[in-house]
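[1] quick one, fold the following:
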Amino acid sequence: MKAIEIAPYILLVVFIPASAILVWKAVMDPNSQFGPALTFSADGVLASIACDKIMQAFAQDGNEKVKKLLIDNNRPEPISPQADKVLLKSPAFALIPKYNIYTRQDHAITIDLEKKMVAAAGFKNVCIIDSGHCPMLTNLIK
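    As a prediction, the model looks like this:
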């Protein structure tokens, strides 16, 4: 992959699957640390990740402060917004270059599945960083 310069800000960070099928593939990917760690409420409305699994999925080399932050803020989340499509209808949005930043050490969304999502979304500008799922929480980038 070629080196690219990324603007000093990112307008929008989103999960980019082209379909609900890819959403569920991401959640149930057996190579992911995320999907297998999820538990669902009895009515199927909420999902949560076990506190003992959250670090391995999202910030595997984060420090104790990061671990506390993740565990203290871990709570069941509604499932339906995760599957709803985000529609950005403004013509101005189409003019903004779109980038995907692959995180090589990602344990939540495997890089193979992310590559499929990026291809389906039609992203042309991509780069890769040696980080976990949440680069701002990990120590991989020195």
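[2] all helices for this structure, in order.
    20-28, 51-58, 64-72, 80-83, 91-95, 111-121 (DSSP state H).
[3] just say which of those is most tucked in.
    The highest mean neighbour count among the helices of the chain, using mean count of other Cβ atoms under 10 Å, belongs to helix 51-58: a mean of 18. Where C-beta positions appear, they are placed from N, C-alpha and C, glycine not excepted.
[4] now that one: average pLDDT?
    Taken as a whole, helix 51-58 has a mean pLDDT of 90.
[5] so who does residue 67 touch?
    Counting by Cβ atoms under 8 Å, 6 or more residues apart in numbering, residue 67 makes contact with 55, 59.
[6] the residue of the chain positioned farthest from its centre and residue 99, how far apart?
    Relative to the mean C-alpha coordinate of the chain, counting by Cα atoms, centre = their mean, the farthest residue is residue 91 (25.9 Å). Separation of residue 91 from residue 99 (Cβ to Cβ, to the nearest Å): 20 Å.
[7] hang on, the earlier thing: let me have the helices of the chain in CSV, extended by distance to residue 135.
    As requested, those are exported to CSV (distance: least, Cβ to Cβ, whole Å):
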stretch, distance to residue 135
helix 20-28, 18
helix 51-58, 11
helix 64-72, 12
helix 80-83, 21
helix 91-95, 24
helix 111-121, 14
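[8] settle this for me: residue 51 is touching residue 74, isn't it.
    Yes. Counting by Cβ atoms under 8 Å, residue 51 touches residue 74, with 5.8 Å between them.
[9] what sits in contact with each of those two?
    By Cβ under 8 Å, 6+ apart, no residue touches both residue 51 and residue 74.
[10] would you mind measuring from the nearest residue to residue 103 once chain neighbours are set aside to residue 101?
    Nearest in space to residue 103, with sequence neighbours left out and distances taken as Cβ to Cβ, 6 or more residues apart in numbering, is residue 131 at 4.7 Å. From residue 131 over to residue 101 the distance is 9 Å, taken as Cβ to Cβ.
[11] more neighbours: which of those two?
    Applying other Cβ atoms under 10 Å to residue 131 and residue 101 shows that residue 131 carries more neighbours, namely 21 against 16.
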